[in-house]
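*Asks:* have a look at this prediction, sequence included:
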Protein chains: 4
Amino acid sequence: MQKFNFLNDYHDGGHPRILSALQAHPAQSSATYGEDIYTKKAIDSIRNEIKNPIADVHFVTGGTIANIIALTSMLKPYESIIAPESSHIHVHEAGAIEAIGHKINTTSTKDGKLTPAKIKSVLDFHQDEHMVRPRVVFISQSTELGTLYSYNELKDLSDFCKNNNLWLYVDGARLGSALTSHHNDITLQEFASLVDAFYIGGTKNGAIAAEAIVLCQSKLQKHFRYIIKQKGALLAKGRFLGIQFQKLFEDQLFYDLGREANKKSVRLSTGIKEAGYDFFVPPMTNQIFPIFPNPLLEILKKEFDFYIWQKITETHTSIRLVTSWNTPDTAIEKFLTTIHSFQRFSDQQ
Amino acid sequence: MQKFNFLNDYHDGGHPRILSALQAHPAQSSATYGEDIYTKKAIDSIRNEIKNPIADVHFVTGGTIANIIALTSMLKPYESIIAPESSHIHVHEAGAIEAIGHKINTTSTKDGKLTPAKIKSVLDFHQDEHMVRPRVVFISQSTELGTLYSYNELKDLSDFCKNNNLWLYVDGARLGSALTSHHNDITLQEFASLVDAFYIGGTKNGAIAAEAIVLCQSKLQKHFRYIIKQKGALLAKGRFLGIQFQKLFEDQLFYDLGREANKKSVRLSTGIKEAGYDFFVPPMTNQIFPIFPNPLLEILKKEFDFYIWQKITETHTSIRLVTSWNTPDTAIEKFLTTIHSFQRFSDQQ
Amino acid sequence: MQKFNFLNDYHDGGHPRILSALQAHPAQSSATYGEDIYTKKAIDSIRNEIKNPIADVHFVTGGTIANIIALTSMLKPYESIIAPESSHIHVHEAGAIEAIGHKINTTSTKDGKLTPAKIKSVLDFHQDEHMVRPRVVFISQSTELGTLYSYNELKDLSDFCKNNNLWLYVDGARLGSALTSHHNDITLQEFASLVDAFYIGGTKNGAIAAEAIVLCQSKLQKHFRYIIKQKGALLAKGRFLGIQFQKLFEDQLFYDLGREANKKSVRLSTGIKEAGYDFFVPPMTNQIFPIFPNPLLEILKKEFDFYIWQKITETHTSIRLVTSWNTPDTAIEKFLTTIHSFQRFSDQQ
Amino acid sequence: MQKFNFLNDYHDGGHPRILSALQAHPAQSSATYGEDIYTKKAIDSIRNEIKNPIADVHFVTGGTIANIIALTSMLKPYESIIAPESSHIHVHEAGAIEAIGHKINTTSTKDGKLTPAKIKSVLDFHQDEHMVRPRVVFISQSTELGTLYSYNELKDLSDFCKNNNLWLYVDGARLGSALTSHHNDITLQEFASLVDAFYIGGTKNGAIAAEAIVLCQSKLQKHFRYIIKQKGALLAKGRFLGIQFQKLFEDQLFYDLGREANKKSVRLSTGIKEAGYDFFVPPMTNQIFPIFPNPLLEILKKEFDFYIWQKITETHTSIRLVTSWNTPDTAIEKFLTTIHSFQRFSDQQ
């Protein structure tokens, strides 16, 4: 019997509307390497969303390759990236960024978020040519802990970066859930106006394998396709990527799916709170981190797949639960029932 | 009006059977990062085809990334690759191989094929630590010029490599057309027994974006997934790749599509020969290189897309024509009609 | 007026005996690229010191290039290095290690020293191909904080590394001071038997520019010169390096100079203690880290060059003082006089 | 018995005046990492020689590391270098340039020299992002074949590069011999005004291990020391390099030594011509390439060290003879006597 899946938001095969679109005109000839009409439409949709007609948009198949390519384009060999210790590039990309030659200067955080003060302390430490030269600030929206930067927080980071000759780059693997959270106070257009480059995650929000790298600054755009090609990411049948994003930004599908994922995580977190449990960080998007007593964990493991996040005390542990547009309601109900049963059982003891 | 397309074999969107398969179970949860059942089946099919149960198979989205990953796994920092001057890694991968740190030692060829003698002369030249150390022999089947290695030629290369501590690696972007050519005298199983690693091209033979890296030698297999991940090629929804290859090797689709592409190029080359034109190299697979008088080229350009290959004389030029399973018969007929008309017109003058 | 220099141990031009040796036979022809007789003698001296006749020894001009080359030879592209957060490769080599493609997994320490427990927690965290694969443990003897590993500590690290398939590599930039400290309980021979590779620092101990990379394990030795050459470190007139190390290990000069540096730091630290000041870490070798009240710092800055190490409290700061064989006695006396005067002055207030 | 050495121009230990200078003030403290007064004086000398007060000058220990650093500073990841097939970076640096990520686009030459036409054909071939983007033209003065670019040839290259957005970089390992050849018609000042960056070879012209990288264009100068440090080439005791170049450009020593090396090669080549032998390329500097009958080669090998260059016919072979300021007159006389004896012996037969 397969367990209910709260492991991640990419264990499905893609949204039906996207899958259908791929099937529409298989035999039809089109321009290759991303110069097809589907890709052009997808680019136009994104430019239109962010109201930046000079933004460049390039599509690739995943987050790690998006980060590899974007950061390659932004850095000279001796330049480095400032990122939270919990960031995906630091922990979960198998050294991809170091493999292209760059150091990541990390700073510890409680909630996965950088602040101007944290960045400044890294800058202050790096004074001469015996050290790397920080040049990019790397953040995620939502973060690896499911938290969000508010408009004001992002504005402060943006101003700080401008004043300190730093590029501000955002890993938006879960930007769909971020933008549609009821904790969010920033539009995609505002977001894009505050950062220098970012990618919009498709794969975790309905696509099969597609991320859109958005280069807001013209300075970052020159010869970008050379890097895509050199890193092996320029798909011959580029329409595969274009079609996915064309569909995501048609009729608001991208937002609908993000909203749906959030709705499910809200139900889950509300139920968990009602059952009297606390969270490692406040739940804001489609990743939530409840803290459970260890015996409850053992029970949950039998029926649900999820990651153990962190030991909190000798008796309690935080886990990560991830929802998507595709999470079945039954999974949530079953989960909540399980923790309530445990609660009652514990109360009786 | 769109021109008839002889530019390449990847301007379509994928074979209908593959596109349908992707749509089959979209919402169903499956293991991620290529550990799903579709991928496992595809791996089994390929192991079965090559009768090598210990071969490792990994799927990626394109040829350049396949070469990047496979060659990364085979080389120490000071080791190099021996390849034909015309090879894809040398000319058409935007310096991808150098970007991962390795020199390509090239040797000129007429037909895109390496020989033991050519390899030996490179080895003889590289004697000490002031030079790189050749370690991989890189060939393509079919080659960039559409030619084929015969069984004996490949056997000789294989023996030479074994005796000289060289890995033999094959770029099989067009292996489908190669194996089904009537000039071919080698089975996939024989092929796989003679080489150390290769990739089977899906994208140019019915897939949307899928290549299968096959590691025949166990020495090359260890920790290979770390490299896939580090290069940004480990797809979260790995089933996308697995499903494509599962379909390609189900009911012989892979061979059928290769055969179909060849059938079309044979019709084309036969017609061209009949019209009295010669070829830069003898046509063997789905890429052919006829030599035409320059005035005919000008006429052809108006209705057909193709690459100019090489100036042959002041008055004649070689072009590249590529067919696929999807090339319309009308395109071929129209092409042959055009050159015949020119012929008649010229004769009359 | 030039200040007294406690900044570092490399502001002089080299020991007179070494400088004279370079002048001995200038015009005489010798083998190039390190195959000369001086280099061979230096290699023999070191093999003899460590009683390991199969050790390989290679000479380069500095610590950063020694680390670059040694670590290149030890690591596959996806493998990483475990090192203290304070390590030179992490902080002070301008991203040299990342520039050759490898991540450094750091762990915080109070005294610059790794322990099996700290290493184990890094290993435990790195479980699959989404992360790098730790393969080398990098330590320094003495450490960046002037501390020492005892025989038992090094033995424990060595055993742990062997049991966990990790190479143990030591940056010995200040191995001379380490081995001759009266806190040291380990010989060079014992040291070399416990680690897989290390370099012996010459530049900070009498040489002009020379470090000896020692490869104790035969597995690490193959084709090492290719890496030296590729990184631009194979000197045409390799005898320049060989002569320096030949002199260092002739008549115990290497040890004498280390001892001399320590004698000076002991006088300095004893005087500082007597004046009632404490240290950030206990002084053990030629780098010491006293904690002074900030007003005293201002006075010291006028006459002495040194690095500010770390703010300890609002009113006190730790500084780094470095001595060498060449530190004038007057510098030490002047320093001690200055802090005593300040003491008296403070006492009177 | 040691043979007479025509193998290379770096088998000695350095010129006595340079060696003495190193010994002058060993114990004296000076600024580290190349910020010392000796280095500043050497920089001023070179700026003065080339009459370019804004040129940046950096010293390193060898030619390969000079090329690594200079080319790192000039290239984006997808950019390449156009160089002669015979160039040192392509053949004799163990893949150092590929190891920093860049492809070398080679072009065949008879005399080791590039021309605008040759460069243009490489540019014409590289049209889009499937290929690398040529950005640096790499030449040597003198070339690997001992030949020279005339003022007009260099001016043409310079103009072509300016008009085509290419940096012109010169490997000047043997610039001393080049500038003092009686075939040379260009001053160092003119030379420096025509190229964007170059290095002046010290090691092959009297130094122990020292090359001066000269950055003529301010655009190339920013943060250059970060790259020197990152590649492991920033010597702690940088004065070692500064002193060598200070001496080389004091009292014209650099030119005197180059002239001396040429004088010796002229005697050698004149004698060889008089004996009736021809050359692979006309002798112009301190590397000459006579063609000898194979039996004579066997005789020469017994008493002289030199490289076999290339088989010319079944019966004749070209060899490389290199002279330096330090080549003994007896070696030349003995060489000429040997070939004359062979001549007489042959005549008698």
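*Replies:* On my side now, so go ahead.
*Asks:* what parts of chain A come near chain D?
*Replies:* A:72, A:76-78, A:100-101, A:129-130, A:132-133, A:223, A:225-230, A:234 (C-beta under 8 Å from any C-beta of the partner chain). C-betas here are computed from N, CA, C, even on glycine.
*Asks:* from these, which would you call buried?
*Replies:* By neighbour count, with 16 or more other C-beta atoms under 10 Å in any protein chain shown, these hold A:72, A:76-78, A:100-101, A:129-130, A:132-133, A:225-230, A:234 as buried.
*Asks:* picking that back up, show me the subset of the residues of chain A next to chain D that also lies near chain B.
*Replies:* For chain B, the contacts drawn from the residues of chain A next to chain D by C-beta under 8 Å from any C-beta are A:226, A:229-230, A:234.
*Asks:* how about those residues in TSV, adding pLDDT and distance to D:I288?
*Replies:* Below are those laid out as TSV (pLDDT from 0 to 100; distance: C-beta to C-beta, whole Å):
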residue	pLDDT	distance to D:I288
A:Y226	98	43
A:K229	98	45
A:Q230	98	42
A:L234	98	49
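*Asks:* now, those that are in helices?
*Replies:* Here DSSP state H is the test, and those give A:226, A:229-230 as lying in helices.
*Asks:* of the residues you listed, closest to chain D?
*Replies:* Comparing these against chain D with C-beta to the nearest C-beta places A:Y226 closest, at 3.7 Å.
*Asks:* ok, that closest one - contacts?
*Replies:* Residues in contact with A:Y226 (C-beta atoms under 8 Å, 6 or more residues apart in numbering or on different chains) are B:94, D:78, D:129, D:132-133.
*Asks:* can you narrow the residues you listed down to the ones near chain A?
*Replies:* Contacts with chain A within these, as defined by C-beta under 8 Å from any C-beta: B:94, D:78, D:129, D:132-133.
*Asks:* among those, which are in helices?
*Replies:* Per DSSP H, these never map to helices.
*Asks:* quickly check these for the two that are furthest apart.
*Replies:* Spanning the widest gap among these are D:E129 and D:V132, at 9.4 Å by C-beta to C-beta.
*Asks:* got the phi and psi for the residue in the stretch 51-200 of chain A that chain D sits nearest to?
*Replies:* Residue nearest to chain D within the stretch 51-200 of chain A: A:Y78 (3.7 Å; C-beta to the nearest C-beta). Main-chain torsions, A:Y78, degrees, to the nearest 10: phi -100, psi 10.
*Asks:* again with A:P84
*Replies:* When read as degrees, to the nearest 10, the backbone of A:P84 gives phi -60, psi 150.
*Asks:* where's it relative to chain B, distance?
*Replies:* In this view, A:P84 and chain B are 20 Å apart by C-beta to the nearest C-beta, to the nearest Å.
*Asks:* could you measure from that residue over to A:S140?
*Replies:* As for A:P84, its distance to A:S140 is 8 Å (criterion: C-beta to C-beta, to the nearest Å).
*Asks:* show me which of the two is the more surrounded one.
*Replies:* Neighbours were counted for A:P84 and for A:S140 using other C-beta atoms under 10 Å in any protein chain shown; A:S140 has more, 29 against 26.
*Asks:* can you pull the contacts of the more buried one?
*Replies:* Contacts for A:S140 (C-beta under 8 Å, 6+ apart) come out as A:87-88, A:112, A:170-174.
*Asks:* which pair of these spans the longest distance?
*Replies:* A:G112 and A:G172 (14.1 Å).
*Asks:* so which of the two has more stuff around it?
*Replies:* The neighbour comparison of A:G112 against A:G172 (other C-beta under 10 Å) goes to A:G172, with 29 against 20.
*Asks:* A:T106 against A:P84, yeah?
*Replies:* Yes. Here A:T106 lies in contact with A:P84, judged by C-beta atoms under 8 Å, at a distance of 6.8 Å.
*Asks:* okay, and the common contacts of these two?
*Replies:* Residues within reach of A:T106 and of A:P84 at once, by C-beta under 8 Å, 6+ apart, are A:H90.
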